[in-house]
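Peer 1: Here is the input, now give the coordinates:
(4 chains, ligands or ions: 4)
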Amino acid sequence: MDKLNKKILIEFIIPIFAVLLALIFSDILILIYKESPLKIYKLLLEGTIFNSYGIGQVIFKTTPLIFSGLAVAFAFRTGLFNIGGEGQLYMGTFVTAVIGAYLPDSIPRFLAVILCLLGGFLAGGLIGFIPGFLKAKTGSHEVINTIMLNFIVLAFINYLLVTYFRVPETLHTKEIISNAHLARLSEFIPALDSTYASLAFVIAILTAIVVYVILWKTKFGYELRAVGHNPEAAATAGINVKKCIMMSMAISGGLAGLIGLNYVLGDKYYFEEGFSSGLGFMGIAVALLGRNHPLGVVIAAFLFGVLSEGGLVINAVVPKELVDILQAIVIICVVASTTEVRKILARGK
Amino acid sequence: MAENIIELKNIVKRFGKVLANNNINIAVRKGEVHAIVGENGAGKSTLMKILYGLYHPDEGQIIINGETIIKNSPKNAVKHGIGMVHQHFMLIPPLTVAENVILGMETSKGPFVDINTANQRIKKLSDDFNLHIDPSKKIEDLSVGENQRVEIIKVLYRGANILILDEPTAVLTPKEVEDFFKVIKSLIAQGKTVIIITHKLDEIMEISDRITIIKHGETVDTINTKDTSPKEIARMMVGRDVLLQAEKKVAQTGKVILDVKNLSVTKSKDVLALDNLNFEIKAGEVLGFAGVEGNGQTELIEALMGLNTEKIKSGKILLEGNDLSNSLTKERLEQGFSHIPEDRHKRGLVLEYQNSDNLILGQQHNFTRTGLLDRIGIDEHSERLIKEFDVRPPHKEVLSGGLSGGNQQKIIIAREFFRKFKFLIAAQPTRGVDIGAIEFIHKQIIKARDEGKAILLVSAELNEIISLSDRIAVLYKGKIVKIVDADKTNKNELGMYMTGASNG
Amino acid sequence: MAILNGIFSLAFLIQLIRISVPYVLAAMGGVFSERSGVTNIALEGIILNGAFGSVLGTYLTGSPLYGALAGVIAGMLTALLHAVISIRFRADQIISGVAINLLSVGLTKFFLKIFFDSSSNSSRVEGIKVFQILPPGNGFSDMINQLVGNPMIMLTLFIVVFSHIIIFKTVFGLRLRAVGEHPEAADTLGIRVNVMRYVCVIISGALAGLAGVWLGLDQHQFTDGMSNGRGFIAIAAVIFGKWNPYGAALACLLFGGSEALQITLQSSGSNIPTQFIQMIPYLLTMIALAGFIGKSTSPAALGKAYDED
Amino acid sequence: NKPEIKNASTGDKPKLRVGLVFDVGGRGDKSFNDSAYNGLQRAIKNLGIEAQYVEPGEGSDRSSALNRLAAQNFDLIIGIGFIFTDDITNVAKKHPERKFAGVDFVVNQDKDGKDIPPPSNVAALKFKEEEGSYMAGALAALKTKTNKIGFIGGMDIPLIHKFESGYKSGAKMINPNIEVISNYAGVTGAAFKDPAKGKELATSQYNNGVDIIYHASGSTGLGVFEAARNLKKLAIGVDSDQYSEAPGFILSSMVKKVDVAIYDIIKDTIDGKFSGGAKIFGLKQGGVSLIYDEHNKALIGDTVHKKLEEINNKINNGLIKVTL
Ligand SMILES: Nc1ncnc2c1ncn2[C@@H]1O[C@H](COP(=O)(O)OP(=O)(O)OP(=O)(O)O)[C@@H](O)[C@H]1O
Ligand SMILES: Nc1ncnc2c1ncn2[C@@H]1O[C@H](COP(=O)(O)OP(=O)(O)OP(=O)(O)O)[C@@H](O)[C@H]1O
Ligand SMILES: [Mg+2]
Ligand SMILES: [Mg+2]
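Peer 2: Numbers count the residues shown, from 1 in each chain, chains lettered A, B, ... in the order given. Ligands and ions are numbered 1, 2, ... in the order given. Alright, predicted model coming up:
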């Protein structure tokens, strides 16, 4: 028990330590900009977690980051590095939006949402599957293939959008039917007021739980992780490594395909070009900060959600880029302190 | 009395909770072959790494040639004439022999590597010590025995007078061991001192002058080889009497379990790794495969297990008459195959998994309820096997990667013997394992045979092959050159077939 | 046929080379870093910082030469950060790279605001001077001047050859390869594994920084996010080229070539939608990797931190 | 150089609070956003307002930024760029007490082709880019010596197609046989900020005989100017007067008077004359125009200038209809 407590303590000390370090660094930048760090942080916190609109917006920002982080973490656990989140999320979100737009109006609400979700998952999954397939069949490196696919998918979606699906004079698809809308959280918690936080957040949390169960509680997850650590031993034990690689990349892509859920079913009700702005890449940071563990991913996504919404708040006073810098430094400090801090703690034993 | 060239006094080394060396004392005399023996995890490698400066002792003194070494490092050790050949080769496969040897002490012209001079020097060393190494070849193209000799050259090139050899013969064939001992003798003849770690008692008897026995990180004693016997050494190591030769009853064979027909496997485009193999194994029979490493053993095992199937050119594999030639690995295991892989790190274990998880690897579906892992069942299973097979983890939560080699092997043995199998592939089942564990593993294999299983044994250890097998097939260049009865052959005859001589 | 003429013209060749220059420089950096065992996804950020450094340096000193120096130093400092994180602190190298890329985007934008009061562009600065080797006038000699007269292009060519020689012919190169393949082995022979790695990562910073210098000074200004994925393409080229300088350079030319082809195709008014033309380089890479290159084996210790203790 | 701009003058009545949310590129793009910024600054100086701006960048921050400004009691909230259309519409509905303006705001049409008017508290500031581009096309066609002119767009999207098609029509009107080569830098937002790509595209066009290029590509166009400088060819700028980016090589610029539009809407609001609905800025209203001043006088020349004036008049009188 004592041991467990200590382990948990370490998991928490490191990120907190990292955030503190990052704050010191950004203090310097804020001072360079001739502003008071205290004022900026006060502003940032007041505008986000100490304000009901802010909390809602943070939840809104956290939601896609959870999916994005889960996608990266899932592949990581199978020893695969999925940098293709951006392409997968574009495909997934686009398909979600198109399904939502062309469903018959009369379809029941629950079914409509499920169909949109499924479509997004499968479409993202397809894009994830391709590098998985190529890796399994030809051995070509998934990192390159996912990077390449990002460019290809973005161009392809753009083509589909511009040529067939957009509402004239805009860069977005037509609106989804109202039965595919996800309820806003403000319907249940009025304090959240006009924020865009929706049930997508709940779906994200549930997905995190499902991912946890799959990876650590099922036979399938056991096999995936075995492949991640030692593919040859896994093959020797009769695990179908190629299948695991393909499945893992497909599921990872599918999770990435849900990143846009929040946006399409909960906020805008359509797919719009450029909506993502690097959510797929942020997933890498979220996953790694969250130690590739679903719980960690949720916490890291929340932290980045606060920073991302906070950037908008402080933008009136200092450049928003400060927040990007802050995020980067948090990541750096976390990864850098991990081994060292552990070593010191182990020594202190 | 010859002078002590090396003295290690009261050495203590901890790895976290593990006390690897606990107050060890050892003295090595100039010009002797000094053997160090002990069970897996006794602390032998750790001690040698300390001597070579790779680890720093928590306590104790290192005295070389009467000089106390304050801050040891590999550089420092080399300066004092110490060279170490590691248990796991420290060679860089894509580089040439010469590049590997000169690394860190390069012959150069300005900033450029002078490879010609290097080649010449290495050629000379190779000739002086009868090592037969071509300096311009790449390491990845060399055999294990050659790799071993490159390691020796590396050490000699640095002017070593004291050579530390950590389990140098673990991966060598009898012929290679013989050659290797010649090398050691010529080293001694030229005034060098050798410290050797090995688990093979007959080798110790043959090559060493004195023996230091280590147990649980402590020195038991240092004795003269000529005053002792394998039995006594084994007793000192393990703390009880050990059966050194496997005992088995006459085989009671039944029906054919495994039948292999016309099996051919490609190595590269037009080279065959296995060329039209035909053999069968009956229930209650051990078929041993002898052969110099790299003659098709690995490919045979892979083909039988359904791994790397794209390389299989032709052939049939039948288990009790069922054609499994096109079955997946998983199906073969389900049908009654069991497999102790030849390389436990590469194929045997997920080092990052807990022992309990490794103990169900390949049997995970038996520990599953509606897709979910049965954690409680797995833990119970693991506790039972760890006890039954006497696995000794340093502490409870240790991952399999943190076990010593012998204990890692026991995990695999436990797992594969637990499986309900009809046919077992045991590949190098006792490689790098201490004698206590060897005894245990041998007993398990014979027990399985007596229960009517068919067993295919691959081992570089001729003693092991001869004592465990009922029949022995000798592989040479992908072909079975001969199948002989185990009780009608000997090491010499097998050694002859292994070099390609057909019909003795 | 207009397309064929377009492709086989000297102008096309020059364009191909110009597009490839930043890829090649960054890819050479990638080769040094990865050969020594340190994955360098941070190339993207290094390029960006190099570009910003070169423009700011030129802006402040008025000399593009000092600017170029500043760009290289900015690249080296960025790489140093990557080295400290992944070597000293033994952190995951890919994460470190991702974080540094994020950091570089933020920092360059932040300082863009401080120095140029803009969120997207710097002021225009002097660029690298192109020498007139042939008397200018006719199209042909102008093009030759663009190629041979451009010191950056010549430098790039030199760097490729130089990298090959260093890696495969020198003592330094032998140690570099050893450290990337089998650090334990190198360590036991007294080679300071981590020192070697520091040096190589910093070299990679200088080279990728130089790629940034090309972008900044060829455009005579810094634009927010102007590295635009070039670092990733360079990484792809390193893998494509099997971690060899010549191989990586050729891969870069392939990428540059397919981009130039895309421009030519587009201008020749073909009916293929732009989006599909845009895909060409990336599709080509994927097909080539799956079909011809297959498994390329990386340095064995790539991405693994080494504990010298 | 702080983004928070406070009015220096102290008036008696409460100052109008104006919030402005920039397009993807943000301040400093030397064209579109900067033009908007200039309008805002002028209003601060002359009209005594209090202002704040936000640069949300790409992604989903636009509506959040608008929402926050609305919640902080800003009286007039302006979004720069067509992409704000839906965001402004939604936020404006939620905050009927505030006034909104959208530059390039898209007025959608119903099935019968009738405009669907924006909410009454939203002013749609629309520019007839096609008219200005038509003039640019005519200018290029009149000045080309090779009968080959070029167009370089940023992202391959409908808004930029408007520039392209206006430019083409203008050129064809002068010379039906003229060849117009078009390139787009890419299909993502980054296509507006890749000057290196712009330079290569332009170099390729110039090498293929094009001698004048018109760009509508944000910062990517800065690369087009570099190519023009290098190869000593001509280019036509966009949105702002871009002459200073490559003096001597910028034939003219097709300016969108975003600054004027913004200044005017702020002034109207102060004067209580704000009204919702579309405000069209075409050639006639001076909302778009080709630069002709002391810098490029010599480049364009008198006769060509006269000819252009003529076309300008024809468009104003409806004799020429620039369609899409
Ligand atoms: N780097 C390490 N970190 C932690 N523990 C270690 C390390 N190296 C060895 N150990 C532990 O120290 C103990 C002694 O290991 P050592 O390698 O010296 O044994 P050995 O006598 O060489 O065993 P074997 O016969 O199997 O080679 C073992 O329990 C081992 O697990
Ligand atoms: N606590 C530990 N943490 C990490 N690695 C460890 C630990 N303990 C041991 N090891 C590693 O476990 C392995 C077994 O230790 P040891 O040095 O005894 O090897 P070995 O028994 O000689 O190996 P083998 O016999 O399989 O060749 C080694 O690779 C060692 O580095
Ligand atoms: Mg050992
Ligand atoms: Mg061992």
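
Peer 1: Tell me, how many residues neighbour residue 275?
Peer 2: You didn't pick a chain, so chain A it is. Residues within reach of A:Phe275, counting by other CB atoms under 10 Å in any protein chain shown, total 26. (C-beta placed from N, C-alpha, C; glycine too.)

Peer 1: hmm, I had chain D in mind actually
Peer 2: 12.

Peer 1: residues from chain B in reach of chain C?
Peer 2: Proximity of chain B to chain C, by CB under 8 Å from any CB of the partner chain, involves residues B:52, B:54, B:73-75, B:78, B:84, B:86, B:90-95, B:99-100, B:102-106, B:108, B:111-113, B:154.

Peer 1: quick one: the residue lying closest to A:Ile325 once chain neighbours are set aside from A:Lys42, how far?
Peer 2: What sits nearest to A:Ile325 in space, not counting adjacent residues and going by CB to CB, 6 or more residues apart in numbering or on different chains, is C:Gly106, at 3.8 Å. Distance, C:Gly106 to A:Lys42, by CB to CB, to the nearest Å: 21 Å.

Peer 1: If you count surrounding residues, which of those two has more?
Peer 2: Taking neighbours as other CB under 10 Å, C:Gly106 and A:Lys42 compare with C:Gly106 leading, 25 against 13.

Peer 1: Tell me who's in contact with the more buried one.
Peer 2: Going by CB atoms under 8 Å, 6 or more residues apart in numbering or on different chains, C:Gly106 touches A:321-325, A:327-328.

Peer 1: And the strands in the stretch 201-309 of chain C, which stretches?
Peer 2: Secondary structure of the stretch 201-309 of chain C (DSSP state E, counting those that start in this stretch): no strands located.

Peer 1: Likewise for the stretch 101-250 of chain B?
Peer 2: Under the criterion DSSP E, counting those that start in this stretch, the stretch 101-250 of chain B carries strands at the ranges B:108-109, B:112-113, B:162-166, B:193-197, B:210-215, B:218-224.

Peer 1: quick one: the fourth one near ligand 1?
Peer 2: No - counting by CB under 6 Å from any ligand atom, ligand 1 is not contacted by strand B:193-197; separation bottoms out at 7.0 Å.

Peer 1: Now do the same contact list for the residue nearest to the spatial centre of chain B.
Peer 2: The centre of chain B sits closest to B:Arg431, judged by CA atoms, centre = their mean, with a distance of 3.5 Å. Residues near B:Arg431 by CB under 8 Å, 6+ apart: B:170-171, B:342, B:409, B:460-461.

Peer 1: count of neighbours near A:Glu35?
Peer 2: A:Glu35: 18 surrounding residues under other CB under 10 Å.

Peer 1: Angles on the backbone of it, please.
Peer 2: A:Glu35 has phi and psi values of phi -130, psi 170 when expressed as degrees, to the nearest 10.

Peer 1: Name the residue of the stretch 51-200 of chain B that lies nearest to chain D.
Peer 2: Residue nearest to chain D within the stretch 51-200 of chain B: B:Pro111 (35.7 Å; CB to the nearest CB).

Peer 1: Can you list phi and psi of D:Asn73 for me?
Peer 2: phi 60, psi 40.

Peer 1: I'd assumed D:Val18 was in contact with it.
Peer 2: No - at 11.6 Å, D:Asn73 does not count as touching D:Val18 under the criterion of CB atoms under 8 Å.

Peer 1: Next one: the closest residue to ligand 2 within the stretch 101-250 of chain C from C:Pro135, what distance?
Peer 2: Closest contact between the stretch 101-250 of chain C and ligand 2, by CB to the nearest ligand atom, is at C:Glu184 (10.2 Å). Distance, C:Glu184 to C:Pro135, using CB to CB: 60 Å.

Peer 1: do the same with B:Thr96
Peer 2: Remark: distance between B:Thr96 and C:Pro135 (CB to CB) = 52 Å.

Peer 1: next one: B:Ser126
Peer 2: Separation of B:Ser126 from C:Pro135 (CB to CB): 63 Å.
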